[in-house]
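Undergrad: Predicted model and sequence follow; I will ask about them next.
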Amino acid sequence: MKQPQTLIELADMAAMRHQASGRRLAEMAQKEGFALASTTFNHIRAGRYKSTPTDETIRAIGWLAGVGDEVAFAAAGRKAPGLPLADELPPGADRLSPKARKTIIDLTRVLIEYESDIDHAQEQHTNHDTPTPLRAVASPSDPRSGQKTPADSGVIELHGEEARNIPVPPREQLAAHPKVKTKREQLAEETGEIEEDPEADNW
């Protein structure tokens, strides 16, 4: 089964799986204890949902689509949450002093922000993995497809074989600072005199 890549695809999968309307699907989810409104489901499926879906909404649509939390939350572009953190705190945590509680809460906020930054950086890196097409400047008379008109910038995009067939200019044209003869060298060349290397005697 193809995994849904977006929340819209997940909602489509749920509707196709049950062959039911948004209202019917919401009723089915509510009977299982999920808080899912039919308007929310319909807006998500139509791509008109402007708010951030809650974890409960994502779980409900994932259940309707017959997929687990990992798949459902991945389609929504989020990590699947684990067990409630309060359930994992050791015995006696509820008897901590207000100062100790504040320390735990502040540290938790820092860790949440830290991991959120890491996820954002990884997402940006993934989005820039696609290589940029090779661009070359061509003359207005270049007949290749993709050529911009003379009124445009004169920049074309080359792909595949076209990019590999671009002729390489002579090495001297690639030099950042090509050798320029001095006045003394030009005079010696015109008179036919061979200029002695002033450092030749040092060898």
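TA: Nice, thanks for sending it over.
Undergrad: count of neighbours near I44?
TA: 25 (other C-beta atoms under 10 Å). (C-beta placed from N, C-alpha, C; glycine too.)
Undergrad: list the contacts for it?
TA: 7-8, 11, 53, 57, 61 (C-beta atoms under 8 Å, 6 or more residues apart in numbering).
Undergrad: Weed out the non-buried ones from those.
TA: 7, 11, 53, 57, 61 (16 or more other C-beta atoms under 10 Å).
Undergrad: remind me which residues of the chain are low pLDDT?
TA: Scanning the chain for pLDDT under 70 picks out the ranges 1, 119-120, 122-181, 183, 192-203.
Undergrad: The same query, at a cut-off of 50, please.
TA: Residue ranges of the chain with pLDDT under 50: 132-140, 144-153, 155, 200-203.
Undergrad: Would you mark the buried spots in the helix ranked longest in the chain?
TA: Once the chain is assigned using DSSP state H, the helix that runs over the most residues is helix 98-127. Buried residues in helix 98-127, counting neighbours by 16+ other C-beta under 10 Å, are absent.
Undergrad: can you tell me how far G47 sits from D12?
TA: 11 Å (C-beta to C-beta, to the nearest Å).
Undergrad: who has more neighbours, the two?
TA: D12 (15 against 10).
Undergrad: Sort out for me which of the buried ones among the contacts of I44 are in helices.
TA: Judged by DSSP H, the buried ones among the contacts of I44 include 7, 11, 57, 61 as members of helices.
Undergrad: was I right about the first one contacting I61?
TA: Yes - counting by C-beta atoms under 8 Å, a contact exists between L7 and I61, whose distance comes to 7.1 Å.
Undergrad: Next SSE downstream of the one helix or strand E27 maps to?
TA: Element membership for E27, per DSSP states H and E: helix 22-31. Toward the C-terminus, helix 22-31 is succeeded by helix 38-46 as the next helix or strand (DSSP H and E).
Undergrad: Cool, thanks, signing off.
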